[in-house]
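Novice: Fold the following.
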Amino acid sequence: MKVLVLNSGSSSVKFQLFEFDDGNTVLAKGIADRIGLPDAEIVCTCERQAKGRCPAKDRREADIPDHQAAIDSICKTLLSAECGAIQDLTELAGIGHRVVHGGERFTGSVIIDDAVIEGIEECVPLAPLHNPPALLGIRACAKIFENIPQVAVFDTAFHHTIPQKAYRYGIPKELYTKHRVRKYGFHGTSHYYVANEAARILGKPIQDLKIITCHLGNGCSITAVQGGKSIETSMGLTPLAGTMMGTRSGDIDPFIPFFMVKEVGMTVDEAEKTLNKESGLKGICGHNDVRDVIEGMEKGDKDCGLALEMFTYRIASYIGNYAMVMGGVDAIVFTAGIGERSPLVRAKILQHAGFLGVTIDPEKNEQNEINIATDNSKVAALVVPTNEELVIARQTRRCVENLRQNP
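Specialist: Prediction:
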């Protein structure tokens, strides 16, 4: 069974083609980039050579005015003699789409139909930057792959097991009952994957474990996973909430936006942009990439030093909070760009965690080993690369198989 996974952004469509007949094989992956711009291009890496003709990476300019043209170009690339990942589009059993926000309606992955599209549209106010491009990708695929099932896999779905005492806000009830203002959480596909990988690495059933997963990229979120289920997470109604991030403020005094509008003289849109695009690490030291922050700190930039201390302190605070919520912790997992590749960030976070029973091993940490805790630590500290595309592909396969059994 071959499954095509698509992640549609505002100016790009990332793709991976999986084959499940012989394990979880990635046949090809790449991106249709700079949609709508004159320098648009298709980049494709074919993981399994087709008759020895497939280059390691193929990059070519393309005319990509919109998302339908992007997906059409992806199909032509996969079918091309240079790649040869598929011979005909009918080889595809399903198309899996990453959809950021499913609201309260979608608690799992679903076969896409008109009702599902309507539901995703209803969630646009909750994810105005992410859901519209996903809808463009879904509608484009409906025209290109007329008889191939499409599946929506939601970032928010994993967090639907969070109890009401954790997801409700202390605001008037009507804001929840009428407008669904509540904590939803994000990066759910990533948290789900690395939590299950942690259980596999530890050789224990996930139902018996208490795991704290730290997805640390330009966007960051922390999740408490107990018995394989999300019971608390740092992001909220939107991905702006939680710990400090590359350009996002994370949790702040709720009055600050009012102050920015009333006293500073910003418009509401300017305040929103400031908190989403100009805050976090960037707001403190001018850099949103933690590598640049560390470089600045090492050169003596005090703002960079402060930014890194704030960043790691807030993550450590969430870990301590979630350990108390679960009544302990068996493993702390680091994933995504920063979590997987920054030993210094991991060390600064875990320097606070000795009371939990975890001590970092400096050599293991520098080598990015799987378990970076000392051998006598009671709690594992794991570095686990995330694989959201594989989760989407597996969920798509499951939905397609269920559809075939129950048409």
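Novice: so after the helix or strand of the chain with the lowest mean pLDDT, what's the next helix or strand?
Specialist: Least confident element among the helices and strands of the chain, by mean pLDDT, DSSP states H and E: strand 58-61 (a mean of 76). Moving toward the C-terminus from strand 58-61, the next helix or strand (DSSP states H and E) is helix 67-79.
Novice: in which helix or strand would I find residue 232?
Specialist: Element membership for residue 232, per DSSP H and E: strand 229-233.
Novice: ditto for residue 197
Specialist: helix 188-202.
Novice: What is that helix packed up against?
Specialist: strand 210-216, strand 220-226, strand 229-233, strand 331-335, strand 380-383, helix 388-405 (3 or more Cβ pairs under 8 Å, 6 or more residues apart in numbering; DSSP states H and E). In this view, the C-beta of every residue, glycine as well, is placed from N, C-alpha and C.
Novice: show me where the stretch 201-350 of the chain has helices.
Specialist: 256-262, 268-277, 280-285, 290-298, 302-326, 336-341, 343-350 (DSSP state H, counting those that start in this stretch).
Novice: Figure out which of these is closest to residue 12.
Specialist: helix 336-341 (17.1 Å; Cβ to Cβ).
Novice: Show me what the closest one is in contact with.
Specialist: 187, 190, 214-218, 220, 290, 334, 345-346, 368, 383-386 (Cβ atoms under 8 Å, 6 or more residues apart in numbering).
Novice: One more pass at 10 Å, please.
Specialist: 187, 190, 194, 213-221, 245-246, 289-291, 311, 315, 333-334, 344-346, 349, 368, 382-386, 388 (Cβ atoms under 10 Å, 6 or more residues apart in numbering).
Novice: Can you list the low-confidence ranges for this protein?
Specialist: Residue ranges of the chain with pLDDT under 70: 22-23, 48-57, 81, 407.
Novice: can I see the domain layout of it?
Specialist: The chain breaks down by automatic domain parsing into domains covering 2-154, 204-383.
Novice: got CSV for these, with distance to residue 395 too?
Specialist: Below are the domains of the chain laid out as CSV (distance: least, Cβ to Cβ, whole Å):
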stretch, distance to residue 395
domain 2-154, 4
domain 204-383, 16
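Novice: quick one: buried residues of the helix holding residue 197?
Specialist: 188-199, 201-202 (16 or more other Cβ atoms under 10 Å).
Novice: could I get it in CSV with only the CA atoms?
Specialist: C-alpha atoms of helix 188-202 as CSV (Å, rounded to 0.1, in the frame of the first residue of the first chain):
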residue,chain,number,x,y,z
GLY,A,188,-0.1,16.3,19.1
THR,A,189,1.2,14.0,16.3
SER,A,190,4.8,14.6,17.4
HIS,A,191,4.0,14.1,21.1
TYR,A,192,2.1,10.9,20.3
TYR,A,193,5.0,9.5,18.3
VAL,A,194,7.9,10.3,20.6
ALA,A,195,5.9,9.1,23.7
ASN,A,196,5.4,5.7,22.1
GLU,A,197,9.0,5.6,20.9
ALA,A,198,10.1,6.3,24.5
ALA,A,199,8.0,3.3,25.7
ARG,A,200,9.6,1.1,23.0
ILE,A,201,13.1,2.3,24.0
LEU,A,202,12.5,1.6,27.6
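Novice: got the angle for it vs strand 331-335?
Specialist: Angular relation of helix 188-202 and strand 331-335 on a 0 to 180 degree scale: 130 degrees, by axes from the mean of the first three to the mean of the last three Cα atoms, to 10 degrees.
Novice: Alpha carbons of the strand holding residue 232, in PDB - could you do that?
Specialist: The C-alpha trace of strand 229-233 is given here as PDB (Å, rounded to 0.1, in the frame of the first residue of the first chain):
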ATOM      1  CA  LYS A 229      -2.800   9.600  26.900                       C
ATOM      2  CA  SER A 230      -2.200  13.300  26.900                       C
ATOM      3  CA  ILE A 231      -3.400  14.700  30.200                       C
ATOM      4  CA  GLU A 232      -1.900  18.200  30.100                       C
ATOM      5  CA  THR A 233      -0.100  20.400  27.500                       C
END
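Novice: Note down every partner strand of that strand and its orientation.
Specialist: Paired strands of strand 229-233, with direction, are strand 220-226 (antiparallel) (DSSP bridges).
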